[in-house]
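Asker: My questions concern the predicted model and sequence given below.
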Amino acid sequence: MSNQFDHVSVVKKSNVYFDGLCISHTVQFEDGTKKTLGVILPTEQALTFQTHVPERMEIISGECRVQIGDKTESELFRAGQSFYVPGNSRFKIETDEVLDYVCHFEG
(Lines give C-alpha, C1' and ligand atoms only; values in the text may rest on other atoms or scores of the structure.)
Protein backbone atom coordinates (compact mmCIF):
# COMPACT_ATOMS: atom_id res chain seq x y z
CA MET A 1 0.00 0.00 0.00
CA SER A 2 1.31 3.42 -0.94
CA ASN A 3 2.04 6.00 1.74
CA GLN A 4 1.03 8.92 -0.48
CA PHE A 5 -1.67 10.09 -2.89
CA ASP A 6 -0.61 11.45 -6.28
CA HIS A 7 -2.44 13.76 -8.72
CA VAL A 8 -4.82 15.32 -6.18
CA SER A 9 -6.12 18.73 -5.16
CA VAL A 10 -6.14 19.74 -1.51
CA VAL A 11 -8.64 22.15 0.02
CA LYS A 12 -6.51 24.67 1.92
CA LYS A 13 -9.00 25.38 4.71
CA SER A 14 -8.91 22.75 7.45
CA ASN A 15 -11.95 21.00 8.93
CA VAL A 16 -11.85 21.56 12.70
CA TYR A 17 -14.12 19.59 15.03
CA PHE A 18 -14.59 19.33 18.79
CA ASP A 19 -12.63 22.49 19.66
CA GLY A 20 -9.60 21.31 17.73
CA LEU A 21 -9.47 17.70 18.97
CA CYS A 22 -9.97 16.57 15.37
CA ILE A 23 -8.47 18.41 12.40
CA SER A 24 -8.53 17.20 8.81
CA HIS A 25 -7.97 18.37 5.24
CA THR A 26 -10.05 17.35 2.24
CA VAL A 27 -8.24 15.74 -0.69
CA GLN A 28 -10.02 15.64 -4.05
CA PHE A 29 -9.07 13.12 -6.73
CA GLU A 30 -9.21 13.50 -10.51
CA ASP A 31 -12.13 11.04 -10.69
CA GLY A 32 -14.23 13.24 -8.37
CA THR A 33 -13.84 11.12 -5.24
CA LYS A 34 -12.61 12.65 -2.02
CA LYS A 35 -10.98 11.65 1.22
CA THR A 36 -9.99 13.47 4.35
CA LEU A 37 -6.59 13.16 6.01
CA GLY A 38 -6.74 13.96 9.68
CA VAL A 39 -5.51 13.78 13.22
CA ILE A 40 -7.47 13.15 16.40
CA LEU A 41 -5.77 14.27 19.60
CA PRO A 42 -6.12 12.31 22.86
CA THR A 43 -9.70 12.49 24.14
CA GLU A 44 -11.15 12.39 27.62
CA GLN A 45 -14.46 11.13 26.25
CA ALA A 46 -15.60 9.69 22.95
CA LEU A 47 -16.17 12.03 20.00
CA THR A 48 -19.35 11.33 18.02
CA PHE A 49 -19.32 11.76 14.23
CA GLN A 50 -22.40 11.54 11.98
CA THR A 51 -22.04 9.98 8.51
CA HIS A 52 -24.02 10.90 5.43
CA VAL A 53 -22.35 8.47 3.02
CA PRO A 54 -20.57 5.20 3.84
CA GLU A 55 -17.09 5.81 5.25
CA ARG A 56 -14.05 3.63 5.70
CA MET A 57 -11.68 4.93 8.34
CA GLU A 58 -8.09 3.78 7.78
CA ILE A 59 -5.85 4.11 10.84
CA ILE A 60 -2.38 5.31 9.80
CA SER A 61 -0.80 5.58 13.26
CA GLY A 62 -1.98 5.19 16.84
CA GLU A 63 -4.90 3.18 18.15
CA CYS A 64 -8.50 3.97 19.02
CA ARG A 65 -11.68 2.51 20.42
CA VAL A 66 -14.72 2.78 18.18
CA GLN A 67 -18.42 2.20 18.71
CA ILE A 68 -20.38 2.06 15.44
CA GLY A 69 -24.06 2.89 15.14
CA ASP A 70 -26.22 1.41 17.87
CA LYS A 71 -23.68 -1.20 18.98
CA THR A 72 -23.11 -1.16 22.72
CA GLU A 73 -19.57 -2.53 22.61
CA SER A 74 -16.54 -0.70 21.25
CA GLU A 75 -13.76 -2.31 19.21
CA LEU A 76 -10.04 -1.55 19.26
CA PHE A 77 -8.38 -0.55 15.98
CA ARG A 78 -4.65 -0.04 15.46
CA ALA A 79 -2.37 1.33 12.74
CA GLY A 80 -2.82 -0.68 9.55
CA GLN A 81 -6.45 -1.51 10.28
CA SER A 82 -9.65 0.15 9.15
CA PHE A 83 -13.32 0.16 10.07
CA TYR A 84 -16.47 0.75 8.05
CA VAL A 85 -19.39 2.99 9.00
CA PRO A 86 -22.63 2.85 6.97
CA GLY A 87 -24.15 6.01 5.51
CA ASN A 88 -26.67 7.92 7.62
CA SER A 89 -25.20 6.46 10.78
CA ARG A 90 -22.72 7.53 13.43
CA PHE A 91 -19.64 6.38 15.26
CA LYS A 92 -17.98 7.25 18.53
CA ILE A 93 -14.20 7.28 18.65
CA GLU A 94 -11.74 7.78 21.49
CA THR A 95 -7.98 7.60 21.75
CA ASP A 96 -5.27 8.02 24.37
CA GLU A 97 -2.67 9.09 21.81
CA VAL A 98 -2.38 11.09 18.60
CA LEU A 99 -4.29 9.20 15.91
CA ASP A 100 -3.57 9.72 12.19
CA TYR A 101 -6.31 8.57 9.82
CA VAL A 102 -7.63 8.66 6.28
CA CYS A 103 -11.39 8.79 5.84
CA HIS A 104 -12.42 7.21 2.53
CA PHE A 105 -15.89 8.42 1.44
CA GLU A 106 -17.44 5.45 -0.34
CA GLY A 107 -20.83 6.80 -1.36
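Answerer: That came in fine, so what should we check first?

Asker: Please name every helix or strand in contact with the host helix or strand of residue 23.
Answerer: Applying DSSP states H and E as the criterion places residue 23 in strand 22-29. Strand 22-29 sits against strand 8-10, strand 15-17, strand 34-40, with contacts defined as 3 or more CB pairs under 8 Å, 6 or more residues apart in numbering; DSSP states H and E. All C-beta atoms are positioned from the backbone trio N, CA, C, and that covers glycine.

Asker: Quickly compare those and say which is most buried.
Answerer: Most buried of these, by mean neighbour count (mean count of other CB atoms under 10 Å): strand 34-40, with a mean of 19.

Asker: Helix or strand next in line after that strand, which one?
Answerer: Using DSSP H and E, the next helix or strand after strand 34-40 towards the C-terminus is strand 47-50.

Asker: can you list contacts of that next one?
Answerer: Residues from elsewhere that reach strand 47-50 (CB atoms under 8 Å, 6 or more residues apart in numbering): 17, 18, 21, 22, 40, 89, 90, 91, 92, 93, 94.

Asker: Rebuild the residues you listed as a markdown table, extending it with pLDDT and distance to residue 51.
Answerer: Compiled in a markdown table, these are given as follows (pLDDT from 0 to 100; distance: CB to CB, whole Å):
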| residue | pLDDT | distance to residue 51 |
| --- | --- | --- |
| 17 | 97 | 13 |
| 18 | 97 | 16 |
| 21 | 98 | 18 |
| 22 | 98 | 14 |
| 40 | 98 | 16 |
| 89 | 97 | 5 |
| 90 | 97 | 7 |
| 91 | 98 | 7 |
| 92 | 98 | 12 |
| 93 | 98 | 12 |
| 94 | 98 | 17 |
